[in-house]
Every structure is written in structure tokens, then in C-alpha cells.
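S.K.: Here's my sequence, what's the structure:
(one chain, ligands or ions: 1)
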Amino acid sequence: MTIATRKIAILGSTGSIGESTVRVALASQGRIEVLGLSSHRRLKRLVEQAQQLTPEWIVATGGEAANFDWSGLPGSTRLLVGDEGISRLVRQPEIDIVVSAIVGSAGLAGTWNAVDAGKTVALANKETLVMAGPLVMELAARRKSRIIPIDSEHSAVFQALQAGRRADLKRIILTASGGPFRTWTAEAIASATIDDALAHPTWNMGRKITVDSATMMNKALEIVEARWLFDLAPEEIEVVVHPQSIVHSMVEFVDGSVVAQMSPPDMKLPIQYALTFPERREGPAARFDWTASHRLEFEPPDLQRFPALTLGYEVARAGGTSGAVLNAANEAAVEEFLSGQLSFAEIVPACRSVLEHHSFDSKPSLDDLLKVDRWARKEISRWVCT
Ligand SMILES: NC(=O)c1ccc[n+]([C@@H]2O[C@H](COP(=O)([O-])OP(=O)(O)OC[C@H]3O[C@@H](n4cnc5c(N)ncnc54)[C@H](OP(=O)(O)O)[C@@H]3O)[C@@H](O)[C@H]2O)c1
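M.R.: This next block holds a predicted model:
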């Protein structure tokens, strides 16, 4: 039996995940049909994508949309503008799956509305679960919305879990490439430049997540994401450094058996899996050449040089407002680093300081989370100014 055509909307279609999703759809021979696209600033690219895919709707969220020349759009494509356009798009009855690939907390509203509308959500935007994991998972249960991870580690866990019963799970092991500074001394890391931080050894990604990989904050966010997505205690989540990025994560069952998911580092595979689940299909993702030699290495993470990981566990334990605070502080700190206002070495200490100074609430509402998000960003600005 083969699956029916999946009709999708891609939020953040002009980004790294968005572009890979477009490639997966184009290679699907019509089995994945793109009905909606959204972008923020790269409007020229959005129009090119619309010409290629003729979606029913596109959404432009950035301020430049009003003055942009939209004459290149296909006649059948409707233009929606602003964040309101995202809410309208994800609620369209024709859409089966919403790909959540906007970067940062800006991705929360679209994901929330898609879950609220009962859609299947193919989730790349890990920040949604870091900020509001318990609320989003509770809403998903109520609305019968399925969240399928795109993040390669969580996709690997999701895939490996199919090999056994959830009740027999002992723990999960998230792999981390270690980023560009895996072998650097603490002194060298302290003076890392923007170019150093953006030179990821195995993955080609957007700028924010690439810096997060360099601090290993990305893994910290993934610990929190896994905690809520798979309903795990923080003690059931382990991190191991695996420089080749071939084993994307593992699941250990109670009998000691470990099931790993392996593939070359190419996001098209987890994206396609999320879009065709439970079926697997031929696709455009890179494949192994088993005639060549391969080496797989694993080493424990160094918490002294990469203190972000400890923050990840603390936030996974604390829950409440702490995820939204860590996420916003990190987003703001990475922006300051990328604009030359903050040194690389200050990113994680600034996040810790903001986290430690916030007034913790164990049962926040969505509004409370948005408030602490704004507060944490202001605290980072104050840190930069002092
Ligand atoms: N890249 C990866 O391999 C990877 C792997 C795992 C998980 N993820 C996660 O996937 C998400 C996307 O990452 P990415 O690397 O694809 O990021 P990216 O390349 O920076 O793309 C971000 C996308 O979001 C849009 N966007 C930015 N700010 C926005 C705003 N304020 N409102 C609405 N849309 C906005 C951008 O539009 P414009 O470009 O038009 O401005 C772009 O389409 C992140 O949450 C990341 O953690 C990424």
C-alpha cells in the first residue's frame, strides 16, 4: 500500500531546512505537494520558489513586503502578509502537514496554530519545545495533532523507537558533532571569531544554529526538546560526541540493546521521513558508499569547555519559565555575537546570568512565556551595554 499525496505548507521556506524541504518535494514526483510557503526577508527567493512550485498561498512576514514588486508571482498564488498570514495559512483545511522551519522563537506562533488546528507538524523549530514544551505537547494531545521531529537527532530517536516498546526504553543517547571547536583549547575558544564559529565541520545550516553548535547550546536545546517531545526524565537523556555525524542518535532498551539510526549528514532524509511517515520512499538524500572505509568515533562531552550542556540539563529539570528564558537569552546573545557586540566566550555566561536572575514560575501560561522571552532579551542588551 502506498501513501496518498501529502499536501504541505513550509514555514521558513527560504532557510536551510526550507530549501531542503523544497528539494524533497520536487524529487517526490508529485507525492508531496507544496500548497504554502513563507519567508521573512528573502522575498526574491520566495517568488522564485513560487514560480517553481505554484503554491496556493505564500506569506511574507517581514516589513519589506509592502514595497516589494510581486508581479513575478504565478497568477493562481495568493499573497498573505505579516504574522497573521502564517496563522491563516496553517489553518487551511487542504493542508495535511505544516513544516515548522522558521528560526528561533518567531517559529512558535505558527507551530502553535498548526497544532491547534490539528495538523501534523514536521518540527524543525526546536525553540518551540524549548520555550513551551509542556503547553505544546498538551495542546497536541487535545487537538490530536501529531508532532514528528525533523531535527536529525530527534528523528533518529523517533525512528529507533520503532524497534521496541516505549515501556522497554532505558534511555536515549543524543549524538553531537562537537562543532568547530571540539579539539580547541579553552583559551583558543575564548577568542574565537565569527568566521571560526560559522565554520561547521559536518553540517551546512543557518547562522543561528551554526553558532549554537559551536557553543554546544544546540545540544542543550535538544536535551530540552527531547525531554518534552518524548516525555523523558532528564536522567534518561545522555549526550555523546560523535565527530563524523553519521550516527544521528541512539535508543537503549532495558536489555542493553542499542538501536542507532545512521546516514550521511543530510537533512533531506529526516525531512522526507517526517513527510512520508510511516512509509519510507526513495529520495534525494545522500547515501553511504559502503565500498569506502568509514570510522565511527564516540567520546564524552567536555563540560568544562562546553558549559552550555549543563544549562540544558538544568533547564530540562526545572521546566516552567526556564526554557523560554534560556532560549530568548541565547537568541539575543547569538545576535549580539554575530553583530560583533559580544565575544564568543560571553554567550553562555550571559545566558546563565539571565537564567539565574529571572523570577521562576513553574506553571506559566503562553502569555507568561512570551513576557519572560521579552524580559530575557532586554537583560542581554543590558549585559552588552555594561
Ligand atoms: N539547518 C539545519 O540543518 C537544522 C537542523 C536541525 C534543526 N534546525 C532548526 O530549524 C529551524 C530553521 O533553521 P535554519 O538553519 O533553516 O534557519 P535559516 O536558514 O536561518 O532559515 C530561517 C527561516 O526562517 C525565516 N525567518 C527568519 N526570521 C523570521 C521571522 N521573524 N518571522 C518569520 N520567519 C522568519 C527566514 O526567512 P528569510 O530567509 O526570508 O528571512 C528563513 O526562511 C531552526 O529552529 C533550527 O534550530 C535546523
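S.K.: any idea what sits nearest the residue in the stretch 151-300 of the chain that the ligand sits nearest to, other than its immediate chain neighbours?
M.R.: Nearest residue of the stretch 151-300 of the chain to the ligand (CB to the nearest ligand atom) works out as G206 at 2.6 Å. (Each C-beta comes from the backbone N, C-alpha and C, glycine too.) In space, and not counting its chain neighbours, G206 is closest to S16: 4.7 Å by CB to CB, 6 or more residues apart in numbering.
S.K.: What count of nearby residues applies to that neighbour?
M.R.: Counted with other CB atoms under 10 Å, the neighbours of S16 add up to 19.
S.K.: residues making contact with the helix ranked longest in the chain?
M.R.: With secondary structure taken from DSSP state H, the chain has its longest helix at helix 366-385. For helix 366-385, contacts defined as CB atoms under 8 Å, 6 or more residues apart in numbering pick out 105, 112, 131-132, 135, 321, 324-329, 331-333, 336, 341-342, 346, 350, 353-354, 357-358, 361, 364.
S.K.: Using neighbour counts, trim these to the buried set.
M.R.: Burial by neighbour count, 16 or more other CB atoms under 10 Å: within these this picks out 105, 112, 131-132, 135, 321, 324-329, 331-333, 336, 342, 346, 350, 354, 358, 364.
S.K.: Provide a list of residues in contact with the closest residue to the ligand within the chain.
M.R.: Per CB to the nearest ligand atom, G15 is where the chain lies closest to the ligand, at 1.9 Å. Shown in contact with G15 (CB under 8 Å, 6+ apart): A101, I102, V103, G206.
S.K.: Which two among those are spaced furthest apart?
M.R.: Comparing every pair within those by CB to CB identifies I102 and G206 as the most remote, at 10.3 Å.
S.K.: if you count what's nearby, which of these two comes out ahead?
M.R.: I102 (28 against 16).
S.K.: any idea of the pLDDT on the more buried one?
M.R.: Predicted confidence (pLDDT) at I102: the value is 98.
S.K.: residue contacts, it?
M.R.: When contacts are counted by CB under 8 Å, 6+ apart, I102 touches L11, G12, G15, S38, H40, G110, N125.
S.K.: CSV for those residues, including pLDDT, secondary structure and distance to R377?
M.R.: As requested, the contacts of I102 are exported to CSV (pLDDT from 0 to 100; DSSP: H, G, I helix; E, B strand; the rest coil; distance: CB to CB, whole Å):
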residue, pLDDT, secondary structure, distance to R377
L11, 98, strand, 22
G12, 98, coil, 20
G15, 97, coil, 21
S38, 98, strand, 23
H40, 98, coil, 18
G110, 98, helix, 20
N125, 98, coil, 18
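S.K.: between those, which has the most around it?
M.R.: Going by other CB under 10 Å, L11 tops those with 32 neighbours.
S.K.: From E238, how far out is that residue?
M.R.: Distance, L11 to E238, using CB to CB, to the nearest Å: 31 Å.
S.K.: And the ligand, is the helix or strand harbouring A333 touching that?
M.R.: Per DSSP states H and E: A333 is located in helix 322-338. No - Helix 322-338 stays clear of the ligand (CB under 6 Å from any ligand atom), getting no nearer than 10.1 Å.
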